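# let's see this in three dimensions:
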Amino acid sequence: MSDYLIKATAFQGTVRAYAIQSTNTVEEARRRHDTWATASAALGRTITITTMMGAMLKGEDKLTVKLEGDGPTGPIIADANAKGEVRGYITQPHVDFDLNSNGKLDVARAVGTSGSLSVVKDLGLRDHFTGQVPIVSGEVSEDFTYYFATSEQVPSAVGAGVLVNPDHTILAAGGFIVQVMPGATEETIDQIEKQIANIPPISSLIREGKSPEDIVTDLFGKDQVKILERMPIQFLCKCSMDRIKNAIRSLGDDEIDQMIKEDGGAEATCHFCNEQYKLTESDLESLKQTGENK
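Numbers count the residues shown, from 1 in each chain. All right, here's what the predicted structure looks like:
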């Protein structure tokens, strides 16, 4: 089944919810970056949540998330837009540990429990919106929950999970974001808190075949939920050979001459998708000859 997310409301619009199945998207990130199990879970949770945050945007708006803890994975970066497109990478992909005391992948140990989570939103304005909060647990979901409450002043519950096969491929991945809007009653809030506290791990639900619609229905009850939109999602990077060439062209003829003399060509790797681009000496000459700086 293809990955997708849903947007929904509940309790007469006083609660907003997003739920996502992201198994294939996280697997694509794992394949591209060759992540080991614990690193896959950390990157997968971040990508899953970032995708849902992107779905909160409109038009050509986009955002960048950076989770930078003091653990061995180093910074985790993810980009998403309002079209369901996401990309991301983890600085050190070959990180894995024994399961933690709860029998789960030890994401907090990999990410670290000290550091920061920052979100930069490009809303098409002159200045970007930037929010930053300290990491509170390193488990990723809890850190985003704290971000929403502190930086955006929106009471939220964030959940994301990734199950990894013995061969390190992704078995299941998904998540949800529930946000309480003005007008929600204390009774509604209490009910949601109880349901979220008792819901099984989201990745286990995805593995069992539960859909995003099933997840929000389990949280709120069938009679309370109104599905607003169903959106396909995918791992998609905007890098291309043309962009690489334009970047090299902008360096100027002298720098290109030095590449030709010292290396006989050039190689570039996209951080976000790990795609490699190779340019021959002839390719570089052509950039120099056609460049505007000539």
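# close enough to count as contact, residue 228 and residue 5?
No - contact criterion CB atoms under 8 Å: residue 228 and residue 5 do not qualify, at 11.2 Å. C-beta: built from backbone N, CA, C; applies to glycine.
# show me which of the two is the more surrounded one.
Between residue 228 and residue 5, residue 5 has the larger neighbour count (other CB atoms under 10 Å), namely 25 against 12.
# where does pLDDT dip in the stretch 101-250 of the chain?
The stretch 101-250 of the chain contains no residues with pLDDT under 70.
# who are the contact partners of residue 30?
When contacts are counted by CB atoms under 8 Å, 6 or more residues apart in numbering, residue 30 touches 40, 43, 44, 168, 169, 170.
# if we go to 6 Å?
Residues near residue 30 by CB atoms under 6 Å, 6 or more residues apart in numbering: 40, 170.
# do you know how far it is from residue 168?
7 Å (CB to CB, to the nearest Å).
# residue 83 - how many residues pack around it?
Residue 83, neighbours per other CB under 10 Å, totals 18.
# wait, a strand at it?
No - read with DSSP: H, G, I helix; E, B strand; the rest coil, residue 83 is coil and lies in no strand.
# could I get the phi/psi values of residue 97?
Backbone torsions for residue 97, taken as degrees, to the nearest 10, come to phi -130, psi 170.
# count of residues packed around it?
Residue 97 has 16 nearby residues by other CB under 10 Å.
# name the nearest residue to it, sequence neighbours excluded.
residue 106 (4.5 Å; CB to CB, 6 or more residues apart in numbering).
# list the contacts of that neighbour.
Contacts of residue 106 by CB under 6 Å, 6+ apart are 38, 97, 100.
# where's the last one, which helix or strand?
Element membership of residue 100 [criterion: DSSP states H and E] is none; it lies in no helix or strand.
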